[in-house]
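*Asks:* here you go, sequence then predicted model.
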Amino acid sequence: MSESSAGNDITLEQGLSGIVEDWAQEKQTFHVPWGKAMMWIFLLSDTFIFSCFLVAYMKVRASIVAGWPNTSEVFALTLFGHHIPLILIAIMTFVLITSSGTMALAVNYGYRRDRSKTVLLMAATALLGASFVGMQAFEWTKLIVDEGVRPWGNPMGAAQFGSFFFMITGFHGLHVSAGVIYLSIVAFKVWRGDYEQSGNYEIVEIAGLYWHFVDLVWVFIFAFFYLW
Amino acid sequence: MAGAEGQQQHPLKIYLYIWVFLFVLSFFSYMVDYVGFQGYLRWSLILVFMFLKAGFIIAIFMHMWWERMALITAILLPPVALLVLIGLMAVEGNYTFSVRDLFFAT
């Protein structure tokens, strides 16, 4: 890390010609902390996993003769006497976006070395993530117990609906749960002052990358699975 | 701007703007379902809102906008290969549907 000093960075070319320079200098290619580069590469591989799920879902949905259940109605809730379509998913979407916002602020305050604000915002992010998982548990319970959705069939339409629903939202929920634990650990270490001596709070940004990715995946799941 | 060690330090204001913007976009994409648009209008609106949200999350929240081009291309170009998979599976799915429609439709 130490070789990419401030003076060195200024001489680096920007934009497209910078690519050639970065790859051709026969040393560190990515001028970011190694942890950040590795997190990006992990997220890239995760992108392919989620894409495989969503493409498989597209393929199956394009090839079935039976009708796909109307997600707008399947995920509707009756709140205060009003029947509102897809409302639980909308709330979950807003919760996840809110958590993404608090995470972005936590990264910012981390680099400002404002420890208490960073810890508070990360704790808020983890709490919002946990509430997201809670709502997902509620959603699954409702679908399994009340609506009778199973991985091999359901009363509303195409039998494949259940398997894709449980697979895709389950894998995403697993990511959220892992993210809550990950954020809690990093927040605890920040609170304990592990990074005070070095003053290096890039670990908050790396954890933030993971969390924003979880939100990013939800954007695609929301569009393709729930709205389509 | 990005510091020497690739640190990302930006004004708070930009995060708050993007945050609000993501809320608005999510609200709009929910309204697409609530109002009940159908057909090409529905799909194009869903896709536009989806790509805008994804773009702003990657560019601003994940700081891709300020990264060097070597990292941007290394991370964002490989997923383009997925378009081939999507294209192949769309063709395959339509074929399977036509065969099933021919033999299994009641």
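*Replies:* Done, it's in.

*Asks:* residues in contact with residue 58?
*Replies:* Here I'm looking at chain A. A:224, B:86, B:89-90, B:93 (CB atoms under 8 Å, 6 or more residues apart in numbering or on different chains). C-betas here are computed from N, CA, C, even on glycine.

*Asks:* oops, wrong one, chain B.
*Replies:* Contact partners of B:I58, counting by CB under 8 Å, 6+ apart, are A:212, A:216, B:64, B:76.

*Asks:* let's see that with 6 Å instead.
*Replies:* B:M64 (CB atoms under 6 Å, 6 or more residues apart in numbering or on different chains).

*Asks:* I'd guess it is in a helix, am I close?
*Replies:* Yes. Counting by DSSP: H, G, I helix; E, B strand; the rest coil, B:I58 is found in a helix.

*Asks:* distance of it from A:G162?
*Replies:* Distance, B:I58 to A:G162, using CB to CB, to the nearest Å: 31 Å.

*Asks:* report the buried members of the contacts of A:M58.
*Replies:* The neighbour-count criterion (16 or more other CB atoms under 10 Å in any protein chain shown) marks A:224, B:89, B:93 among those as buried.

*Asks:* how far off centre is the host helix or strand of the second one?
*Replies:* Looking back up the chat, that one is B:M89. Using DSSP states H and E, B:M89 falls within helix B:82-103. Distance of helix B:82-103 from the chain centroid (CA atoms, centre = their mean, to the nearest Å) equals 22 Å.

*Asks:* count of neighbours near A:K59?
*Replies:* As a burial measure, A:K59 scores 20 neighbours (other CB atoms under 10 Å in any protein chain shown).

*Asks:* what's the first helix or strand after the helix or strand hosting it?
*Replies:* Element membership for A:K59 (DSSP H and E) is helix A:34-63. Next in sequence after helix A:34-63, counting helices and strands by DSSP H and E, comes helix A:71-74.

*Asks:* who touches the closest residue to chain B within chain A in this structure?
*Replies:* For chain A, the residue closest to chain B is A:A62, as judged by CB to the nearest CB, at 3.0 Å. By CB under 6 Å, 6+ apart, the contact set of A:A62 is B:93-94.

*Asks:* now the helix ranked longest in chain A against helix A:34-63, angle please.
*Replies:* Across chain A, the longest stretch assigned as helix under DSSP state H is helix A:160-192. Helix A:160-192 runs at 170 degrees relative to helix A:34-63, counting by axes from the mean of the first three to the mean of the last three CA atoms, to 10 degrees.

*Asks:* by neighbour count, which bits of helix A:160-192 are buried? Give me those.
*Replies:* A:160-166, A:168-169, A:172-173, A:175-177, A:179-180, A:182-184, A:186-187, A:190.

*Asks:* that helix: what's the following helix or strand?
*Replies:* With DSSP H and E, the next secondary element past helix A:160-192 is helix A:202-221.

*Asks:* for that following helix, what is the distance to the chain centroid?
*Replies:* Offset of helix A:202-221 from its chain centre (CA atoms, centre = their mean): 5 Å.

*Asks:* any low-confidence regions in the chain?
*Replies:* No chain in the question, so chain A it is. Within chain A, the stretches with pLDDT under 70 are A:1-11.

*Asks:* my question was about chain B
*Replies:* Using pLDDT under 70, chain B drops low at B:1-7, B:105-106.

*Asks:* and if we set it to 90?
*Replies:* Residue ranges of chain B with pLDDT under 90: B:1-12, B:32-39, B:101, B:103-106.

*Asks:* so what are the domain limits for it?
*Replies:* For chain B, automatic domain parsing gives the domain ranges B:1-67, B:69-106.

*Asks:* which non-adjacent residue is nearest whichever residue of chain B sits closest to chain A?
*Replies:* Of all residues in chain B, the one sitting closest to chain A is B:G93 (3.0 Å; CB to the nearest CB). Of all residues not flanking B:G93 in the chain, A:A62 sits nearest, at 3.0 Å (CB to CB, 6 or more residues apart in numbering or on different chains).
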